Every structure is written in structure tokens, then in C-alpha cells.
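Enquirer: prediction below, plus the sequence it came from.
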Amino acid sequence: MTDDVARTARIGVTGLATMGSNLARNLARRGYTVAVHNRTQAKTRELLDQHGDEGAFVEAATLADLVAVLERPRKIIVMVKAGAGTDAVLDELAGLLEPGDILLDGGNAHFADTRRREAAMREKGLHFVGTGISGGEEGALLGPSIMPGGSAEAYEQVGPILESIAAVVDGDPCCVRLGPDGAGHFVKMVHNGIEYADMQFIAETYDLLRRAAGREPAEIAEVFRTWNEGDLESYLIEITAEVLAHVDPATGRPFVDVVADRAEQKGTGRWTVREGLELGEPVAGIAEAVFARALSGHVEQRSAAANLPGPAAPPKLGDDFVDDLREALYGAKLAAYAQGFSMITEAGREYGWDIDLGATARIWRGGCIIRARFLNRITDAYRADPGLVNLLVDEYFTEQIGRAQEAWRRVVATAAAAGVPVPGLASGLAYYDSLRAERLPAALVQGQRDYFGAHTYQRVDRPGSFHTRWGQGRDEVEA
Ligand SMILES: NC(=O)C1=CN([C@@H]2O[C@H](COP(=O)(O)OP(=O)(O)OC[C@H]3O[C@@H](n4cnc5c(N)ncnc54)[C@H](OP(=O)(O)O)[C@@H]3O)[C@@H](O)[C@H]2O)C=CC1
Ligand SMILES: O=C(CO)[C@H](O)[C@H](O)COP(=O)(O)O
């Protein structure tokens, strides 16, 4: 390296696979001089050979070179495989950087890892910004949704750069500081959980149209295209229509019929459910989506169970069923978002974050996988009442889900009668009915717990904890 190139780069990116290479190009296209590094240097070369003319890049062969070419305070986006790969890169960088420098982890890190890493970096005088990034390949290049968590001081330095490469909706960048340490990665995790739920609901709707209503993939693609012009307008509905309309060039069959029906997962949905359990948050729609992927992979059990009996007389479905399905899908989506936002609220209490839910919905409107028209309404709902206890009690959403619920019930009942599994749609409806129930059978569960384990219960008519001596005359004592 010559003195000319020393310290000329505004920002560095290490990890130049799908996400990192496209983010680096996005930064370069925005006029930043970007230092680029990848463990396997051939990938850096490939990026520069193919796209070096898109802006100002500085090639770094090693992490030490990367650090050497950056302006101070140095800003480095780490975009490598989540987990051990990220730790390896961060450890090496921490030994090369100076107090005040800023590391951004743009991978899908678990928020607890981000909290740990932030604390360790802080001890060394370094800033660490756990940055959730969504949008896949295209989003990284053209404008992702960016969910940073870290100190306000670090955000002052990197926020303007991140905001300048993010997607823009109605003039607003889809990037906002969500809180300290793990807040950004927590929100990204919940984003992915909602992504899983949304995909599962869409898949169930497709399955009903295919198996219960007898429609072909190309016809179903048209249904989704039409739905994408209404309240359901979203990236996932749009790409569903594309996937269903695609014909496998090798066989001439619908693409969806030649793909093995085993859904894989990298783990962020599972993390959301695990954390939901820890926080006591009923993220049932997300859980059903994770379980549905898991069950799809149980090939041996599915094969052994293939001859289990189904309904003797499955219902025949008419055209009005399509409208019912649209409403059911919409209702289930609303329920999943309500679960996700409730979980973020609870995490805020648990981890001392003050996450702005309106801003969260705002930055999900563009760039990310769950971008959807109705996120505008969620933004409005939390702007009008930042303390909204549940999304579904907002006036607009109460009206919307109220409108959808009758059709949603018909769909779940019809699916059961037809023998088509709809765990996501059904669990969303159960969530809705549980929320609105005046009394839940939890009272009976409390009675059972007290009976077998003297676990005590509270009464509706006076304060305190009580136990009934079930085996000794059934008198009640204050516990
Ligand atoms: N793909 C997507 O759509 C999205 C991905 N993400 C997240 O972004 C991150 C990057 O994703 P993606 O671009 O798909 O790449 P991958 O997750 O496939 O990771 C590959 C990159 O990580 C590097 N790497 C792996 N292990 C190490 C290590 N021990 N030391 C140094 N470098 C290592 C690889 O270097 P080498 O070339 O030398 O092997 C390569 O640059 C991940 O955390 C992912 O979860 C987030 C949103 C969307
Ligand atoms: O982060 C993402 C989008 O926001 C990834 O695309 C997501 O991780 C894919 O997850 P999975 O492989 O588990 O379906």
C-alpha cells in the first residue's frame, strides 16, 4: 500500500458474500470510498473485476490492511457468517483497532451475542453497533431496511451513512437507531419471525386453493396477483405469485411441483420462538411456522403416516371461498404482527430498551422481506398511541380484524373438514379469540395446579393468594 491510498476509505466492509458485496457496491454507488476485504481474497478480486467501476473501492488483502486504509474513527461493517465466523473476525479486528473506532455487525447475530460483544468492545474503548439488515441480495444493493442497535454516540457517526444507503419510503429512510446493544438484532430477529409466520400463512392459503379448491399453480398465481392490489399488498405476496407462475424448464411442470416439500431454516425463527417462551410472549403464529418447517422435514414419519385416514366427505369449495381466504390470510397476518410487536415491547422492559414501535414499523415499510402496505397503518397506530397495549385494539385494526374474522372462521372450519392442515391460520384465530375472551379456562388450570401441587391461586373477589386443602375437607386458606 502506498501513502496515497493510506486512510482514504470512509468505511470498510469485510465479508463479501451475497450481502457484503452488495452492501459494499451500494456504499460505493452512494459516493463513499469503500475498503473491501474477504477472508478468501479471490472474492474481493471478483467483486472489483465485476463492479470496480461502480465507485471508489480500496482492496484490502488482510484485516490489518483494511484497518490501515480507513479514516479515523474507523468504521467497519462485518458481514460474515453469523456465529463463530463473526467472533473470529471481531476478535482479530479488536486487536487492530483503536479506542473510538466503530464496528458494525450486519449479520443475523443472536441479540444475546450482540449484547456480549458490545460489552466486550466497550471495555476496549470500541463502539459496537449490532445492525440487523434485511432485504436479501437486491435490498443490500438497492436499499435494505437497516435496524441498528448501539450507543447514540456511535450512531451519530455511522447513522448518516446507513440512512443514505437504506431504502426510502415517502421520503423517510428505512433505518433508525432502535436502542442500545442488542436492540437492533432483537428487532431483526422478530422481523424474521414475522417473516416465517407470513410465509407459512401464505403457504397454507396456497395449499387450500390447490388441494381443497382444486386450482392449478398458474391460477393461484393470478389470485395472489389480485390480492397484491389490496390490503395484502406486500413483497411476499408479490414473490409468491412469481414463484407459482414459474414453470420448470427441465420438465415443463409447475416449479412448485418439482421442489422437495421440506422447508429449511437457518434459525432466526426458532430464536424468536425460544425468546418468546423466555419472555412469556404468546408468539404462536411464529411457533406454528417453525414447527411446520420442522414437520415438513420428518420424511420418514410422513411416509409412514401417508395412509392414515382423512375426511370421508371433504367439502367442495366455490369461488366465494377465495374471498374468505383473503380475509383469513389478512386476519392471521394482523395477529402475527400483534404478537411480534408485543414481544418487542416486553423485551424492551426486560432488557431496558425503549424501542419506538412506530419507528420499527416505519423502517419495515421498505427494503425488507416483510415490507407491506399495511405497515403504514401500524406506524400510524403506534404514533397515535405509543403505549398501545396490543396492535389489535387500535381502532383501525379492530375494525379490520373484525371484518375478517367471520370469513377466517369459515376457512379454519373448512380446512379441518377438508383435512388440509392450517396450523398458522388456526393458531392466529385462537390467539384472537383468546385475547378477546371475557374469561379464559386458565382459571381451571389454576385449580388443577392447586389440587395436585398446592401451587395456590388468586381470587376474582379479593386480593391475596389462596390454597384449597383438597384432601382435607376442601377448606380454603390464605397462602
Ligand atoms: N443472504 C441473505 O439473504 C441474508 C443474510 N443475512 C446475514 O448476513 C450475513 C452474511 O450473509 P451472506 O452474505 O449470505 O453470507 P454467508 O452467511 O454465507 O457467509 C459467508 C461469508 O462469511 C465469511 N466467513 C465465514 N466464516 C468466516 C470466518 N471464520 N472468518 C472470516 N470470514 C468468514 C465468508 O468468507 P469466505 O468467502 O472466505 O468463505 C463469506 O464472506 C450472515 O450473518 C447472514 O445471516 C442477513 C440478511 C439476509
Ligand atoms: O434474514 C433474512 C431476511 O431478512 C434471511 O433471508 C433469512 O435468514 C432467511 O431465513 P431462513 O433461511 O431461516 O428461512
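Expert: Arrived safely. Numbers count the residues shown, from 1 in each chain. Ligands and ions are numbered 1, 2, ... in the order given.

Enquirer: quick one: mean pLDDT for the helix or strand harbouring residue 288?
Expert: Here residue 288 sits within helix 284-296, counting by DSSP states H and E. Across helix 284-296, pLDDT averages out at 98.

Enquirer: check the gap between the closest residue to ligand 1 within the stretch 251-400 of the chain and residue 347 for me.
Expert: Residue nearest to ligand 1 within the stretch 251-400 of the chain (Cβ to the nearest ligand atom): residue 266, separated by 6.4 Å. (Glycine included, C-beta is placed from N, CA and C.) As judged by Cβ to Cβ, to the nearest Å, residue 266 and residue 347 stand 21 Å apart.

Enquirer: how about residue 457, nearest residue that isn't a chain neighbour?
Expert: Of all residues beyond its chain neighbours, the one nearest residue 457 is residue 446 (4.2 Å), with distances taken as Cβ to Cβ, 6 or more residues apart in numbering.

Enquirer: what's the neighbour count on the one you found?
Expert: 15 (other Cβ atoms under 10 Å).

Enquirer: what does the helix or strand hosting it contact?
Expert: Using DSSP H and E, residue 446 sits within helix 442-453. If you take Cβ atoms under 8 Å, 6 or more residues apart in numbering as the criterion, helix 442-453 is touched by 455-458, 467-468, 470.

Enquirer: from those residues, list the buried ones, please.
Expert: Buried residues within the contacts of helix 442-453, counting neighbours by 16 or more other Cβ atoms under 10 Å: 456-457, 467-468.

Enquirer: about what we covered before: may I see the buried residues of the helix holding residue 446?
Expert: Judged by neighbour count using 16+ other Cβ under 10 Å, the buried positions of helix 442-453 are residue 450.

Enquirer: same question for stretch 240-248.
Expert: Buried residues in stretch 240-248, counted by 16+ other Cβ under 10 Å: 240-241, 244-245.

Enquirer: was I right about residue 432 contacting residue 402?
Expert: No - with contact defined as Cβ atoms under 8 Å, residue 432 does not count as touching residue 402 (9.8 Å).

Enquirer: more neighbours, the two?
Expert: residue 432 (22 against 13).

Enquirer: on the three-state scheme, the more buried one is what?
Expert: When classified by DSSP: H, G, I helix; E, B strand; the rest coil, residue 432 comes out as helix.

Enquirer: nearest spatial neighbour of it, chain-adjacent residues omitted?
Expert: residue 335 is the one closest to residue 432 (Cβ to Cβ, 6+ apart), at 5.6 Å.

Enquirer: got the angle between the helix or strand hosting the one you found and helix 284-296?
Expert: Taking DSSP H and E as the criterion, residue 335 maps to helix 320-351. Helix 320-351 and helix 284-296 are oriented at 110 degrees to each other (axes from the mean of the first three to the mean of the last three Cα atoms, to 10 degrees).

Enquirer: burial of the residue in the stretch 301-450 of the chain positioned nearest to ligand 2, as a residue count?
Expert: Closest approach between the stretch 301-450 of the chain and ligand 2, counting by Cβ to the nearest ligand atom: residue 369, at 4.5 Å. By other Cβ under 10 Å, 22 other residues sit near residue 369.

Enquirer: how about the one 5 residues further on?
Expert: Neighbour count for residue 374, taken as other Cβ under 10 Å: 20.

Enquirer: which parts of this structure sit against ligand 1?
Expert: Counting by Cβ under 6 Å from any ligand atom, the chain comes close to ligand 1 at 15-20, 38-40, 43, 79-82, 85, 88-89, 107-108, 133-134, 136.

Enquirer: repeat the analysis, applying 8 Å as the threshold.
Expert: Contact residues (Cβ under 8 Å from any ligand atom) of the chain with ligand 1: 14-21, 38-40, 43, 79-82, 84-86, 88-89, 106-109, 132-137, 139-140, 144, 188, 266, 268.

Enquirer: those residues in helices, which ones?
Expert: 18-21, 43, 84-86, 88-89, 136-137, 139-140, 188, 268 (DSSP state H).

Enquirer: which among those gets closest to residue 201?
Expert: residue 268 (17.6 Å; Cβ to Cβ).

Enquirer: what sits against that closest one?
Expert: 108, 188-189, 192-193, 196.

Enquirer: for ligand 2, give me its nearest residue in the stretch 101-250 of the chain.
Expert: For the stretch 101-250 of the chain, Cβ to the nearest ligand atom, closest residue to ligand 2: residue 134, 3.6 Å.

Enquirer: does that residue touch residue 188 like I think?
Expert: Yes - using Cβ under 8 Å, residue 134 is in contact with residue 188, at 6.5 Å.

Enquirer: didn't residue 77 look like it was pressed against residue 16?
Expert: No - using Cβ under 8 Å, residue 77 makes no contact with residue 16, being 10.8 Å away.

Enquirer: may I see the buried residues of the helix or strand harbouring residue 275?
Expert: Here residue 275, judged by DSSP H and E, is contained in helix 268-279. Buried residues in helix 268-279, counted by 16+ other Cβ under 10 Å: 268-276, 279.

Enquirer: closest to residue 61 out of these?
Expert: residue 268 (32.3 Å).

Enquirer: just to revisit the earlier point, pull out the buried positions in the helix holding residue 288.
Expert: 284-293.

Enquirer: distance to residue 50 for those - can I get that in a markdown table?
Expert: Formatted as a markdown table, those follow (distance: Cβ to Cβ, whole Å):
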| residue | distance to residue 50 |
| --- | --- |
| 284 | 45 |
| 285 | 41 |
| 286 | 38 |
| 287 | 42 |
| 288 | 42 |
| 289 | 36 |
| 290 | 37 |
| 291 | 41 |
| 292 | 39 |
| 293 | 34 |
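
Enquirer: helix or strand next in line after the helix or strand containing residue 238, which one?
Expert: Applying DSSP H and E as the criterion places residue 238 in helix 235-245. Later in the chain than helix 235-245, the nearest helix or strand by DSSP H and E is helix 255-258.

Enquirer: more neighbours: residue 134 and residue 188, which one.
Expert: Per other Cβ under 10 Å, whichever of residue 134 and residue 188 has more neighbours is residue 188, with 30 against 26.

Enquirer: correct me, but the more buried one touches residue 146?
Expert: No - using Cβ under 8 Å, residue 188 makes no contact with residue 146, being 9.3 Å away.

Enquirer: overlap in contacts, those two.
Expert: Common neighbours of residue 188 and residue 146 (criterion: Cβ under 8 Å, 6+ apart): 132-133.

Enquirer: contacts only, for residue 145.
Expert: So residue 145 contacts 133-135, 139, 166-167, 174-175, 191, 363-364, 366-368, 371 (Cβ under 8 Å, 6+ apart).
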